[in-house]
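Peer 1: I would like to see how this sequence folds:
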Amino acid sequence: QVQLVESGGGLVQPGGSLRLSCAASGFTLAYYDIGWFRQAPGKEREGVSCISPSEGSAYYADSVKGRFTISRDNAKNTVYLQMNNLKPEDTAVYYCAADPLPRGLLPNYDYWGQGTQVTVSS
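Peer 2: All right, here's what the predicted structure looks like:
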């Protein structure tokens, strides 16, 4: 059974950091494009970052460029999203997604996790 499980969300003050994890089971994550998305209340799901399976090319939304870093540990079948200098506008439910085809930052991925809440507030 294909499954993605996010973890690492929580409450953090502005300027703080969190590292989200996306653990895969039922498939080998190394062969899939992985995307991180977020959705705030009343807003559409937004692509945050994605990473390719082969050379590990990474892409970022302009709103997080320079603050977020995506990485993958194929041995652990896990992808991470390191989030630094967090802002209140980063508050959202964060989802990871996987697809055997390149999907970029569009929410057209085949497989999705259940999401993890990130709240940035003082």
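Peer 1: In the protein, where is pLDDT below threshold?
Peer 2: Low-confidence segments of the chain (pLDDT under 70): 55.
Peer 1: for the residue nearest the centre of it, which residues make a bridge with it?
Peer 2: Ranked by distance to the mean C-alpha position of the chain (C-alpha atoms, centre = their mean), the top residue is Trp36 at 2.6 Å. Applying DSSP bridges to Trp36 gives these bridge partners: Ser49, Cys96.
Peer 1: Surely it and Leu81 touch.
Peer 2: Yes - here Trp36 lies in contact with Leu81, judged by C-beta atoms under 8 Å, at a distance of 4.9 Å. C-beta coordinates here come from the backbone N, C-alpha and C atoms, glycine included.
Peer 1: what residues are shared contacts of these two?
Peer 2: Between them, Trp36 and Leu81 share the neighbouring residues 20, 22, 48-49, 70, 94, 96, with contact defined by C-beta atoms under 8 Å, 6 or more residues apart in numbering.
Peer 1: Quick check: beta-bridge partners of the closest residue to Thr69 other than its chain neighbours?
Peer 2: Leaving out its chain neighbours, the residue that sits closest to Thr69 by C-beta to C-beta, 6 or more residues apart in numbering is Gln82, at 4.4 Å. Here Gln82 shows beta-bridge partners Arg19, Thr69, assigned using DSSP bridges.
Peer 1: Just list the residues touching Gln82, thanks.
Peer 2: Residues touching Gln82, when contacts are defined by C-beta under 8 Å, 6+ apart, comprise 17, 19, 68-71.
Peer 1: so where do the strands sit in the chain?
Peer 2: Using DSSP state E, the strands of the chain run over residues 3-7, 10-12, 18-25, 33-39, 46-51, 58-60, 68-73, 78-83, 92-99, 111-112, 116-120.
Peer 1: Of all the ones you listed, which one is nearest Leu105?
Peer 2: Between Leu105 and the strands of the chain, the shortest separation by C-beta to C-beta is 2.8 Å, and it involves strand 46-51.
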